[in-house]
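1. Just need the structure, nothing else, for what follows:
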Amino acid sequence: MPLHPHLHLLVPSSTASIALEARVYISRSAAAALSGLATTSTSSEPTPLEGLTDSQRATVAGLGIRKIVTAAHPWGRLGGNMLFPVIANYLPNAVFGTPRADGAAPDTAIATFNVRGVGQSGGSMPLPGFGIGNDGEDFAAVERAVADLVGGQAELYRLGYSYGTNLALNAPLPDRGVKRTILVSPAPTLFKAMTLLSGPTFATGLDAALDRAAASRESGKDARSLWVVFGDKDDFTGAATLRALGGDKKDEIVAVEISGCGHFYARVEDGDAAEKAIAAWISDS
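-> Model prediction:
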């Protein structure tokens, strides 16, 4: 099944000698302007970022991208990668299927990537128990590379799915900050084992995100900056645990619970509900 139009790239990681495989989704009208570079294939070969021509870079910079969503996939050691449906299908459908009020094409780019050791990304994954390794810094490196490519000062949004929620929470923050974060099916109990020997942990990342959400609300900037989406039949975490995320600060979270949904959003109605939640997260800000 073809993907939404995107740029298939190799981008720098947080380590100079290691590149990461990335897919940067753009609107169909934007892809038409990049017909020699944009693809819908799952089997295309990535183009090194430094291999883009000056003309291609100028075209990308001229697309008028005002929002960048950087998204991280489930755990690579269980087969997770950037082609999981939540990342490769539901997220683009939510963003590019949501019409703008002025009738123009969505002014958003979605940066997805494979962590080290997955797909055509270099390096290797951290051993179980040793946390997220360089994945958080790599998340920020991909975000920065795509922001530089599209030019300007696009607003930054972060999405993590499953293991990827650890990255979305713990990636270093840019000076301009992050406007909104959405956590799709976190697995906090499982994460405790993953980060047993080395941090940062999901809990510390969530605490910091809750504090930022409170500050955003209190300043009048945004009262809905932190979202969580989950199914009440999640395969790894009980619904009661997910409902209780945030503890006494849980009111800072916009929680979307999907009835009958498991961790992998396997039913058609699960995907539809996930798309609806993501569309609300990105479009009402």
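2. alpha carbons only for contacts and neighbour counts from here, please
-> OK.
3. Quick check: bridge partners of the residue minimising distance to the centre of the chain?
-> For the chain, the residue nearest the mean C-alpha position is residue 71 (1.3 Å; CA atoms, centre = their mean). Beta-bridge pairing of residue 71, defined through DSSP bridges, involves residue 112, residue 159.
4. Surely it is in contact with residue 163?
-> No - here residue 71 does not reach residue 163: they are 11.2 Å apart, not a contact under CA atoms under 8 Å.
5. ok so, going back, which residues are in contact with the residue nearest to the centre of the chain?
-> Contact partners of residue 71, counting by CA atoms under 8 Å, 6 or more residues apart in numbering, are 87, 110-113, 158-161, 164, 168.
6. If we use 7 Å, what do you get?
-> 87, 111-112, 158-160 (CA atoms under 7 Å, 6 or more residues apart in numbering).
7. Take the residues you listed and lay them out in TSV including neighbour count, distance to residue 39 and pLDDT.
-> Shown next, in TSV, are the contacts of residue 71 (neighbours: other CA atoms under 10 Å; distance: CA to CA, whole Å; pLDDT from 0 to 100):
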residue	neighbour count	distance to residue 39	pLDDT
87	23	17	98
111	27	14	98
112	26	14	98
158	26	23	98
159	27	23	98
160	25	24	98
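8. I'd like these laid out as a markdown table, including distance to residue 45.
-> What follows is the contacts of residue 71, written out as a markdown table (distance: CA to CA, whole Å):
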| residue | distance to residue 45 |
| --- | --- |
| 87 | 19 |
| 111 | 17 |
| 112 | 15 |
| 158 | 26 |
| 159 | 25 |
| 160 | 25 |
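9. Between those, which sits nearest residue 272?
-> Distances from residue 272 to the contacts of residue 71, taken as CA to CA, are shortest for residue 87 (13.5 Å).
10. what residues are up against the closest one?
-> Residue 87 neighbours (CA under 7 Å, 6+ apart): 71, 73.
11. separation between it and residue 74?
-> Going from residue 87 to residue 74 by CA to CA, to the nearest Å gives 9 Å.
12. Check residue 201 too.
-> From residue 201 to residue 74 the distance is 16 Å (CA to CA).
13. Neighbour count for those two, which is higher?
-> Set side by side, residue 201 and residue 74 show more neighbours around residue 74, with 25 against 20, by other CA atoms under 10 Å.
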